[in-house]
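S.K.: structure of the sequence below:
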Amino acid sequence: MENDDVRVTSATLARASCDPCDAFDPFVPQEYRVAARRKELPDVVTLELEPLAGGRPAFAPGQFNMLYAFGVGEAAISMSGDSAAEGTFVHTIRDVGAVSHALAHLAAGATLGVRGPFGAGWPMQTAAGTDVVIAAGGLGLAPLRPAIYDILANRGRYGRVAILFGCRNPEGMLYRRELERWRQRFDISVEVIVDHADAHWFGHVGVMPSLIARAAFDPRDTTALVCGPEVMMRFTANALRDRGVPDTRIYLSMERNMKCAVGLCGHCQFGPTFVCKDGPVMRYDTIARYLAVREV
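M.R.: This next block holds a predicted model:
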């Protein structure tokens, strides 16, 4: 496979679907309603959002929206739903700050503002025809879930598929029921590891990058999609490189400090790039030199 980085960005999708997008203004939030709310973990919820007017814009796996809690502020939250499904955006949110707290406590029927979708998504076209390793840590499984949906819906396009997921403890396992369903499939491999086990856990114990050595894939023809805490992504990238996966086939989701979402404010500058418009999904060889630099 060639290393051409073929990805869908916000520029190609901003006007891709409904009539309201003909007047798309990236700075003006559109009003959405919480159609459904589901509690995933004590501090994590999933919201399904439907537009109050017009249709929902198209998006690519890996892209994000800016969600605005009226009177509080806005935050960048990755898509966590199926890009092929129509009608709603799905976002999984952890309650960690003022804005995410307000969003996570919205009840069904409440309204909020939505800007987007923005950013460069996962390289689904580039990954076609290769083995795929999906490596997620903690809440990092949420931005990867749309890519997993896309792969499962088009399973014949890909070679071997390995989903590797790590979390702190069994109680912190995101999308537990879905992981169990995926593990029952015969056409993908799913491995879960926890940092700290309890008396009822009989699976792997350790750090997520250690699963790379166990996974079955051809490193010469593999595309790796990685999302999680930055330290986990650095060690996972090193483990993939140790297996022989080229830097040009490793992609990380760098979700940090996004404010304007269109590369104007500079808050998300990462070396010479801007995470909001050049990412959040970035190819490892283009950012590796900056990952270990303090305050970049």
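
S.K.: how is the chain carved up into domains?
M.R.: For the chain, automatic domain parsing gives the domain ranges 10-118, 124-291.

S.K.: what about the helices in this structure?
M.R.: Using DSSP state H, the helices assigned to the chain run over residues 10-13, 98-104, 124-127, 141-153, 176-183, 230-243, 275-278, 284-291.

S.K.: which of those is buried the deepest?
M.R.: Per-stretch averages of neighbours, counted by mean count of other Cβ atoms under 10 Å, single out helix 275-278 among these, with a mean of 24. For every residue, glycine as well, the C-beta is placed using N, CA and C.

S.K.: what is the distance between that one and the centre of its chain?
M.R.: 14 Å (Cα atoms, centre = their mean, to the nearest Å).

S.K.: give me the most central residue, this structure.
M.R.: Centroid check for the chain by Cα atoms, centre = their mean gives P143 as the closest residue, at 1.6 Å.

S.K.: enumerate the positions of stretch 58-71 that are buried.
M.R.: For stretch 58-71, the neighbour count (16 or more other Cβ atoms under 10 Å) marks A58, F59, A60, P61, G62, Q63, F64, N65, M66, L67, Y68, A69 as buried.

S.K.: got JSON lines for the domains of the chain, with mean pLDDT too?
M.R.: JSON lines is the format used below for the domains of the chain (pLDDT from 0 to 100):
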{"stretch": "domain 10-118", "mean pLDDT": "89"}
{"stretch": "domain 124-291", "mean pLDDT": "94"}
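
S.K.: quick one: residues contacting R155.
M.R.: The contact partners of R155, by Cβ atoms under 8 Å, 6 or more residues apart in numbering, come to V161, D187, I188.

S.K.: and the residue lying closest to the second one once chain neighbours are set aside, how close does it get to V132?
M.R.: Pointing back at D187 there. Here the nearest residue to D187 in space, its sequence neighbours aside, is R155; by Cβ to Cβ, 6 or more residues apart in numbering that works out to 5.8 Å. Per Cβ to Cβ, to the nearest Å, R155 is found 11 Å from V132.

S.K.: what's near enough to touch N65?
M.R.: Applying Cβ under 8 Å, 6+ apart, the residues near N65 are A76, I77, M79, F89, H91, V114, R115, G116, P117, F118.

S.K.: let's see it at 10 Å
M.R.: 29-30, 32, 49, 57, 59, 74-79, 89, 91, 113-119, 261 (Cβ atoms under 10 Å, 6 or more residues apart in numbering).

S.K.: go on, Y290?
M.R.: Y290 neighbours (Cβ under 10 Å, 6+ apart): M254, F270, G271, P272, T273, M282, V296.
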